[in-house]
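Trainee: could you look at this predicted model? Sequence included:
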Amino acid sequence: MIQRIQTVYLALVAVLSILGLCLPLAQYYVGTTMVASFNNFAYTATKGYDAVGTFSLAPLAFVVLMGIVLLLTFVSIMLFRFRMRQLRLTIFSTLMLVGYVLVYAFLAWKFQLQLAEINAEVQYHLCFAAVLPVVSIILNCLAIHGIRKDEALVRSLDRLR
């Protein structure tokens with residue numbers, strides 16, 4: 001039901017999640033030269049920094065968490081008649097996004113430490129896609145508020161009958 005504001009919020013979460021899957025998350029520079037980057041699918045490094053990519057399966061965690069978020073968001077949009085289920089799924093989706101942010105912070109820190117062992121001048125640059133899960137968490141919280149508001153309205157109308 002598109003006219004409900006929480007459906008719009010959840011649709012925006014889905015769009016941001018898909019966008020976040022396609023864009024790079026972090027880039028590492030020495031001076032003006034990019035020496036490494038990672039996105040949701042892989043970690044890439046230039047020659048001389050290849051040994052850092054020991055986390056060959058680590059970016060897979062991003063894909064799994066974001067895939068779960070996407071699935072939960074689409075299911076939650078379709079459950080507009082069952083507000084309590086929709087609420088639970090949205091809360092769980094928010095928890096998955098928090099997990100995504102924590103995994104991202106850990107891996108970005110770990111890559112930074114490994115790159116600093118090779119060259120102490122490596123600088124971390126945050127990419128646009130790294131902020132999208134935080135925006136999605138905010139949108140999920142707004143959707144949760146809207147779902148609770150709808151549920152309260154329906155319960156108040158049931159009392160009047």
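Mentor: It's in. Note that this is a predicted model, so its numbers are computed, not measured.
Trainee: for this protein, just list every one of the strands.
Mentor: 26-30, 33-38, 43-45, 122-126 (DSSP state E).
Trainee: among the ones you listed, which comes closest to Leu16?
Mentor: strand 122-126 (16.1 Å; Cβ to Cβ). C-beta here means a position set from N, CA and C on the backbone, and glycine is covered the same way.
Trainee: nearest residue to the middle of the protein?
Mentor: Pro133 (3.3 Å; Cα atoms, centre = their mean).
Trainee: against Leu10, how distant is that residue?
Mentor: 15 Å (Cβ to Cβ, to the nearest Å).
Trainee: tell me how far the residue nearest to the centre of the chain lies from Val15.
Mentor: 13 Å.
Trainee: could you do Phe38 as well?
Mentor: Note on Phe38: its distance to Val15, by Cβ to Cβ, is 22 Å.
Trainee: need the contact list for the residue nearest to the centre of the chain.
Mentor: The neighbours of Pro133, taking Cβ atoms under 8 Å, 6 or more residues apart in numbering as the test, are 16-17, 20, 97, 100-101, 104.
Trainee: got the strands of the chain as CSV, with distance to Leu72 and mean neighbour count columns?
Mentor: Listed next are the strands of the chain as CSV, based on distance: least, Cβ to Cβ, whole Å; neighbours: other Cβ atoms under 10 Å:
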stretch, distance to Leu72, mean neighbour count
strand 26-30, 25, 19
strand 33-38, 24, 19
strand 43-45, 26, 18
strand 122-126, 26, 14
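Trainee: going by mean pLDDT, which of those comes out lowest?
Mentor: Lowest mean pLDDT within the strands of the chain: strand 43-45, at a mean of 74.
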